[in-house]
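[1] Next come a sequence and a model predicted from it.
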Amino acid sequence: ADLSNASLWNTSLRSADLSNCNLSNASLRSADLSNASLWNTSLRSADLWNTNGLNKYVKCIQVETYAIAYTSEVMQIGCERHNISEWAGFDDKRILEMDGKAALKFWRKYKDWIFQTIGMCPAKPTGVIEPIEKG
């Protein structure tokens, strides 16, 4: 199915078989992806803000102020979505530009833990090779 650019806000996709779907640029804000199958699904530029539910392809963490969702390639913290490798390289100035002092305090406190969690609980690649995005 081609669900690119679809608005799936607050949608329950629990146990849905979304294999071979195109979810590029789809808004999955607050969607429940528990046990959803996303094999060969394009998540390029999908909005994962406040997405919840555990599955192999999208992992979710809620810590204090910010909801965190990540795939094998990208991580979204609050409304900011970037490649995981970019997040790892962001300095204090870049984090301040995102959401001010509160974001910087959060980042300094949780950055190492977030990357440790990703390392211990990696998201499985969907099988779709996504182009590298500039965030």
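    Right, received. Where do you want to start?
[2] drop to CA atoms for contacts and neighbour counts, all remaining ones
    Will do.
[3] Can you report the mean pLDDT over the residues of the longest helix belonging to the chain?
    The longest helix of the chain (DSSP state H) is helix 92-120. Taken as a whole, helix 92-120 has an average pLDDT of 95.
[4] Could you do stretch 51-59 as well?
    Here the average pLDDT along stretch 51-59 is 86.
[5] Could you tell me how far it lies from the centre of the chain?
    Distance, stretch centre to chain centre, for stretch 51-59: 9 Å (CA atoms, centre = their mean, to the nearest Å).
[6] Ok, stretch 22-29 next?
    On CA atoms, centre = their mean, the centre of stretch 22-29 falls 11 Å from that of its chain.
[7] what comes up buried for that stretch?
    Along stretch 22-29, these residues count as buried under the neighbour rule (16 or more other CA atoms under 10 Å): 22, 23, 24, 25, 26, 27, 28, 29.
[8] can you put those in a markdown table and add distance to residue 85, secondary structure and pLDDT?
    Converted to a markdown table, these look like this (distance: CA to CA, whole Å; DSSP: H, G, I helix; E, B strand; the rest coil; pLDDT from 0 to 100):
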| residue | distance to residue 85 | secondary structure | pLDDT |
| --- | --- | --- | --- |
| 22 | 24 | strand | 93 |
| 23 | 22 | coil | 93 |
| 24 | 20 | coil | 91 |
| 25 | 20 | coil | 92 |
| 26 | 22 | coil | 94 |
| 27 | 23 | strand | 94 |
| 28 | 22 | coil | 93 |
| 29 | 23 | coil | 90 |
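[9] If anything else comes up later, I'll come back, but that's it for now.
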